[in-house]
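Chemist: Sequence first, then the predicted structure:
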Amino acid sequence: HVLPYTAMLFIFGVFIGAGEARLEGDYKLGISVRMWVDIDSELVLLIFLPGLLFGDALHVNFHLFEKALAQILTLAFPMVLTGTVLTAVVAKYVLPYDWPFSLCMTFGAILSATDPVAVSALLSEVGSPPRLRMLISGESMFNDGSAIVFFTIFSSMFLHELNIGLGEEYTVGE
């Protein structure tokens with residue numbers, strides 16, 4: 001193998017996206033790409049994420065998972081929250097938008113969860129130790145869950161700030 005399978009998929013996707021951006025024609029590939037661009041994000045979240053999480057959980061070695069649980073929890077929840085806060089600070093003070101901090105935190109929650117699918121596939125290809133693969137895949141599952149929780153909290157706070165009858169107010173200690 002010259003390049004791993006996941007790297008080839010990424011490169012192929014970049015070429016498809018760049019080709020569509022340059023050509024903008026009424027050909028079948030362009031129509032298909034534009035259909036995926038306009039897809040509802042809630043649909044993607046509710047259709048694909050449960051299947052991906054179930055697929056990961058189905059192949060978990062429980063004994064390795066139990067041994068790595070403390071490290072997984074240390075890597076997942078605090079690090080996703082740290083990534084959320086750091087991304088929110090960059091969005092607030094570096095980006096040229098005048099977003100309220102709750103929207104910046106929502107933006108940070110969207111971007112902070114890393115998904116190491118490519119890393120997991122590469123680790124399997126090179127024959128890494130099972131404990132390392134368990135640590136990466138377990139962290140991935142908890143990253144997704146914690147990012148959804150943070151997104152729900154911060155987007156609800158932002159919607160409450162808009163005073164349109166949506167969202168809830170959260171304070172420290174609730």
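Modeler: Right, received. Where do you want to start? Numbering: from 1, shown residues only.
Chemist: How far away from the center of its chain is the lowest-mean-pLDDT helix or strand in the chain?
Modeler: In the chain, no helix or strand scores lower on mean pLDDT, DSSP states H and E than helix 117-126, which sits at a mean of 72. Helix 117-126 has its C-alpha centroid displaced from the chain centroid by 18 Å (CA atoms, centre = their mean, to the nearest Å).
Chemist: Stretch 127-144 now?
Modeler: Worked out by CA atoms, centre = their mean, stretch 127-144 lies 15 Å from the chain centre.
Chemist: Point out where this protein drops to low pLDDT.
Modeler: By pLDDT under 70, the low-scoring segments of the chain are 1, 6, 24-25, 115-118, 165-174.
Chemist: Could you name whichever residue is most remote from the centre of it?
Modeler: D26 (31.6 Å; CA atoms, centre = their mean).
Chemist: how close does that one get to G13?
Modeler: The gap separating D26 from G13 is 21 Å, by CB to CB, to the nearest Å. (Glycine included, C-beta is placed from N, CA and C.)
Chemist: In contact with the most centrally placed residue in the chain, which residues?
Modeler: Taking CA atoms, centre = their mean, the centroid of the chain lies closest to A113, which sits 4.4 Å from it. Under the criterion of CB atoms under 8 Å, 6 or more residues apart in numbering, the contact list for A113 reads V80, G83, N143, D144, S146, A147.
Chemist: Save those residues as a markdown table, and put in neighbour count, distance to L123 and secondary structure too.
Modeler: What follows is those, written out as a markdown table (neighbours: other CB atoms under 10 Å; distance: CB to CB, whole Å; DSSP: H, G, I helix; E, B strand; the rest coil):
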| residue | neighbour count | distance to L123 | secondary structure |
| --- | --- | --- | --- |
| V80 | 24 | 21 | helix |
| G83 | 19 | 21 | helix |
| N143 | 22 | 16 | helix |
| D144 | 20 | 18 | helix |
| S146 | 21 | 22 | helix |
| A147 | 24 | 22 | helix |
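Chemist: Taking those residues, tell me the two that lie furthest apart.
Modeler: Maximum pairwise distance in the contacts of A113, criterion CB to CB, is 13.1 Å, between G83 and D144.
Chemist: Brilliant, that's me finished.
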